[in-house]
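Chemist: 3D model of this:
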Amino acid sequence: MFPELAGTRVSHSWCGFVAYTFDELMHVGRHEGLHYAMGCCGAGVGTASYFGMRVGQQVLGLAEGLTALDGLAFQARPFYTGNPWFLAPSVRYYRWRDRRG
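Modeler: Numbers count the residues shown, from 1 in each chain. Take a look at the predicted model:
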């Protein structure tokens, strides 16, 4: 995939699933006294640092901690129970679409 790195030794790697919210937006808020910033949708390094700072400002009661993503409602999907059964068929469908051009 990266021929320029052929002689490079890899000491660490990461592999895992990336969670996405249904609206593909990060959510910032407070629920039952717990502040949260979640749903980075694959962009966690930058956004988690930024929104972590904003949540910290909110905990301190500072107005600059407020964001456009505060208190967004979480979207749901019919028949979704927490098991992403639809991922494999969705990936196959989009691969098929990509091959069609």
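
Chemist: can we go C-alpha only for contacts and neighbour counts from here?
Modeler: OK.

Chemist: give me phi/psi at the residue positioned nearest the centre of the chain?
Modeler: Among the residues of the chain, the one closest to the centroid is C41, at 2.0 Å (CA atoms, centre = their mean). When read as degrees, to the nearest 10, the backbone of C41 gives phi 50, psi 40.

Chemist: Can you show me the strands along this protein?
Modeler: Along the chain, counting by DSSP state E, strands occupy 27-31, 34-38.

Chemist: Show me the contact partners of the longest helix along the chain.
Modeler: Using DSSP state H to define each element, the chain has its longest helix at helix 44-59. Identification of contacts with helix 44-59 by CA atoms under 8 Å, 6 or more residues apart in numbering yields 28, 35-38, 40, 63-67.

Chemist: are any of those buried, and which?
Modeler: Buried members of these, scored by 16 or more other CA atoms under 10 Å, are 28, 36-38, 40, 65-66.

Chemist: Show me which of the residues you listed is closest to A6.
Modeler: Lowest distance from A6 to the buried ones among the contacts of helix 44-59 (CA to CA) belongs to C40, with 31.5 Å.

Chemist: so what's that closest one up against?
Modeler: Counting by CA under 8 Å, 6+ apart, the residues that C40 touches are 19-20, 25-26, 47-48.

Chemist: between those, which is nearest M1?
Modeler: Minimum distance to M1 across the contacts of C40 is 24.7 Å, recorded for A19 (CA to CA).

Chemist: Not counting its neighbours along the chain, what's nearest L72?
Modeler: Closest residue to L72 in three dimensions, ignoring its sequence neighbours and counting by CA to CA, 6 or more residues apart in numbering: H27, at 6.2 Å.

Chemist: is it true that that neighbour touches G71?
Modeler: Yes - counting by CA atoms under 8 Å, H27 touches G71, with 7.1 Å between them.
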